[in-house]
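Chemist: fold the stuff below for me.
(2 chains)
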Amino acid sequence: MNDNISIKAEGLAKKYCKSLKRSMFYGMTDILKNIFGKSSAPGLLRKDEFWALAELNFEIKKGETVGVIGGNGSGKTTLLKMLNGIFWPDKGKLSVDGKVGALIEVGAGFQPLLTGRENIYINGAVLGMSKSEVEAKFLAIVEFAELGDFLEVPVKHYSSGMFVRLGFAIAVHSDPGILLVDEILSVGDEKFRNKCQNRIDELRKKEVTIIYVSHDLMSVKRLCSRALWLKSGEPAFFGAADQAVNAYLDSLNADYNRELAGKNKQAVIHRSGTGEAVIRKAEFSGGKYVFKTGDDMLVDAECYSEKGVKNPLFGAIIHSSSGVYIAGTNSSTGEKLEELKGKVNVRYVFEKLQLLPGNYFLSLALHDEEGRRIYDLHEQSYEFQIAVSAGEKVPASSGFMKLNCKWEYKG
Amino acid sequence: MFKQIAREIIDSKWLIYQLFKRDFSAAYRQSIFGILWIIVIPVIGIAGVFLLNRSNIVNIGETPVSFLLYAASGLAVWQIFGIGLVSATSSLAKAGPMIVKVNFSKKSLVISAFSQCLAPFLVLFTVTLILCLVEGVKATFFTLLFPVLLLPLILFTLGLGFMLALLNGIIRDIASAVSVLATFLLLFTPILYAAPKTGGYIYAVRYNPLYYLISVPRDALITGAPGHLYGYFISALLSLLIFCVCITVFHITETRIAERI
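Modeler: Below is the predicted model of the structure:
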């Protein structure tokens, strides 16, 4: 392997077994085969086995920070465990150059009845530190973990935050050449997250290779130069972090769109009204159910009245997925229709939606000019989603609506 | 490969000590009598057999020294096998959550778990030494060899422990079976009673390597003149073979164990 390369995967694959009993049987037969020097044919799938990771090829340079993204069950943790040497690849070759440190569920191996001090020594030893190393870094670990008076207290009395802080402190002080980080920054309070972030930044400056697994896509963009997107155990994209995150988000949105299309097709319309005029059917234009904040949302409705109604108004209300009323409008403010008789196609154009990411329900109404007589109401019957925009930072606004505010300062 | 295994174990000695300390401290931390429990179980065992013998329910035969010294010394040596094997067998499965999260030497886990036999051994060994002094047992060349004579038993137990820990990682029944087997072997092997000199049972004793591995160091301690040295020598060779084969198998397969646990 080239001196500049930290990790190299060639055709890497890992399989699991769905059945526990069968897994036990396979385990025994594999061990027996290995004992007698026979291959257990790890490259072949047996009954109930599946590839949790397949055909992974990549090279990571020394000092590089690479993100790994993908949905649950996409193989991210399996990949980290293989990089950490916990799991052995069933196929392919994995070359790792450097001492690997892992921030995967920190604190593994802590004995709850023992004190923080005792656990620092034990965990340090488990993470490959020597006695002198632990002793030299002891104070730094205690300081980083902010244990204070709790150093001599059994860790079972620690808060979950303290527990993770201690685990993190020991792990980052083990001086790894390659650091595997799995969702660690999602634990703990803001202060702790910043501290971890700073420590990771320090390690990056020291040219430590970092493999960063996270669902926080913005942090992947910020921290990583490149990212690997895993989809159902297979590499879907490996390249610039920006591109990987965007491709992943586009794919997610396409999945949500398909899901919402199915839901909307099967949805029961909650309907009420006099029936003098009706909304026969309504759908999101172009089969698009997922939008971004600031997008236009188009809804096409087919309306019909046998007898005809004068000056009908077309209303719309948006509720959050938890049923909170957010906003409502009707066509009184726009172009009006003098009479609805027979079939009329109406297009609702919601311009530059200012909704924040989340799922919402749309209600459509057809009523008279005063809004007293409801001809037809489809209550919270059409579901749509506002997705996190790729490339946009975590929104500063909270709640349901984006507030466009400017700040002016004088004096 | 043996060099690699030896290097790994030597490099992990501090880890082994830390894991041992962790399990030992945790076992007695939340208890009032703490380490005293170590002595209670063997004492009850000895007292039970002593009473059964006194009431003529069980015949413990003719022991070379007092029954108390004979039983205490036998049980002291037995702890290495009994406690050591049971602890080692369940070591990997018990540490499952840690094994699937951290990469570290799994051999250290087995060795540290086996070392849990040290405390009960030392307690009973001390009792034995006191009884030897009280009964005026004289030390000989063999008495001084006691620690060396224990080595085959340690290798035998560790070897089996490595293999059974591996199997128990996959099939949990192994640990339960080993517990039952250990109790059976304690009764089957002449530890709390003298070895029979007549009857069909002598064959069962004659071909039981555990008998030689325990009785020779025990007799070296309490009589200074152990017998059955030929049987002991064969058993020691067998122990070495078992240890080498089992630790090799463990070494080859331990990389695949995490995913099965």
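
Chemist: hey, let's count contacts and neighbours off CA atoms from now on
Modeler: Noted.

Chemist: pretty sure A:K307 is in a strand, no?
Modeler: Yes - counting by DSSP: H, G, I helix; E, B strand; the rest coil, A:K307 is located in a strand.

Chemist: quick one: pLDDT of it?
Modeler: If you check A:K307, the pLDDT there is 88.

Chemist: domain parsing for chain A?
Modeler: When chain A is parsed with automatic domain parsing, its domains come out as A:5-99+A:176-253, A:267-387.

Chemist: out of those, nearest to A:F400?
Modeler: domain A:267-387 (5.1 Å; Cα to Cα).

Chemist: now find how far off-centre the closest one is within its chain.
Modeler: 32 Å (Cα atoms, centre = their mean, to the nearest Å).

Chemist: what are the ranges of the helices in chain B?
Modeler: Counting by DSSP state H, residue ranges of the helices within chain B are B:2-11, B:13-29, B:37-54, B:67-94, B:96-99, B:106-114, B:118-135, B:141-144, B:146-170, B:173-188, B:201-206, B:209-222, B:229-253.

Chemist: now tabulate these in TSV and tack on mean pLDDT and mean neighbour count.
Modeler: TSV is the format used below for the helices of chain B (pLDDT from 0 to 100; neighbours: other Cα atoms under 10 Å in any protein chain shown):
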stretch	mean pLDDT	mean neighbour count
helix B:2-11	88	12
helix B:13-29	87	19
helix B:37-54	78	15
helix B:67-94	90	25
helix B:96-99	83	18
helix B:106-114	93	25
helix B:118-135	88	18
helix B:141-144	84	16
helix B:146-170	92	23
helix B:173-188	89	16
helix B:201-206	77	13
helix B:209-222	90	25
helix B:229-253	91	18
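
Chemist: can I get those in JSON lines with distance to A:Y16?
Modeler: Listed next are the helices of chain B as JSON lines, based on distance: least, Cα to Cα, whole Å:
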{"stretch": "helix B:2-11", "distance to A:Y16": "28"}
{"stretch": "helix B:13-29", "distance to A:Y16": "30"}
{"stretch": "helix B:37-54", "distance to A:Y16": "42"}
{"stretch": "helix B:67-94", "distance to A:Y16": "19"}
{"stretch": "helix B:96-99", "distance to A:Y16": "17"}
{"stretch": "helix B:106-114", "distance to A:Y16": "21"}
{"stretch": "helix B:118-135", "distance to A:Y16": "39"}
{"stretch": "helix B:141-144", "distance to A:Y16": "54"}
{"stretch": "helix B:146-170", "distance to A:Y16": "14"}
{"stretch": "helix B:173-188", "distance to A:Y16": "22"}
{"stretch": "helix B:201-206", "distance to A:Y16": "45"}
{"stretch": "helix B:209-222", "distance to A:Y16": "40"}
{"stretch": "helix B:229-253", "distance to A:Y16": "17"}
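
Chemist: of these, which is nearest A:V100?
Modeler: It is, among those and with distance given as Cα to Cα, helix B:96-99, at 15.3 Å.

Chemist: A:S6: neighbouring residues, count only.
Modeler: 22 (other Cα atoms under 10 Å in any protein chain shown).

Chemist: helix or strand for it, which one?
Modeler: strand A:5-17 (DSSP states H and E).

Chemist: and that strand, what other elements does it pack with?
Modeler: Using 3 or more Cα pairs under 8 Å, 6 or more residues apart in numbering or on different chains; DSSP states H and E, the elements in contact with strand A:5-17 are strand A:49-61, strand A:91-96.

Chemist: residues in contact with B:Y28?
Modeler: B:Y28 is in contact with B:G34, B:I35, counting by Cα atoms under 8 Å, 6 or more residues apart in numbering or on different chains.

Chemist: sorry, back to before: which one of the helices of chain B lies nearest to A:S214?
Modeler: Short answer: helix B:96-99, nearest of the helices of chain B by Cα to Cα, at 21.7 Å.

Chemist: which residues does that closest one contact?
Modeler: A:I86, A:A108, A:G109, B:L92, B:K106, B:A258, B:I261.

Chemist: quick check: B:I202 touching B:A194?
Modeler: No - at 11.2 Å, B:I202 does not count as touching B:A194 under the criterion of Cα atoms under 8 Å.

Chemist: just give the closest residue to residue 12, not the sequence neighbours.
Modeler: Since you didn't name a chain, this refers to chain A. A:G92 (4.2 Å; Cα to Cα, 6 or more residues apart in numbering or on different chains).

Chemist: correction: the question concerned chain B.
Modeler: Per Cα to Cα, 6+ apart, closest to B:S12 is B:S108, 6.5 Å.

Chemist: likewise for A:G308?
Modeler: Nearest non-adjacent residue to A:G308 (Cα to Cα, 6+ apart): A:K341, at 4.1 Å.

Chemist: output the contacting helices and strands for the helix or strand hosting the one you found.
Modeler: Using DSSP H and E, A:K341 sits in strand A:339-350. Packed against strand A:339-350 by the contact rule (3+ Cα pairs under 8 Å, 6+ apart) you find strand A:297-310.

Chemist: okay, angle between the following helix or strand past the strand it packs on and strand A:339-350 too, please.
Modeler: On the C-terminal side of strand A:297-310, the closest following helix or strand by DSSP H and E is strand A:313-320. Angle of strand A:313-320 versus strand A:339-350, following axes from the mean of the first three to the mean of the last three Cα atoms, to 10 degrees, is 30 degrees.

Chemist: how about the residues of chain A by chain B?
Modeler: For chain A, the contact set with chain B under Cα under 8 Å from any Cα of the partner chain comprises A:23-24, A:27-28, A:31, A:34-35, A:81, A:84-88, A:102, A:104-105, A:108-109, A:111, A:113-114, A:121-122, A:125-128, A:130-131.
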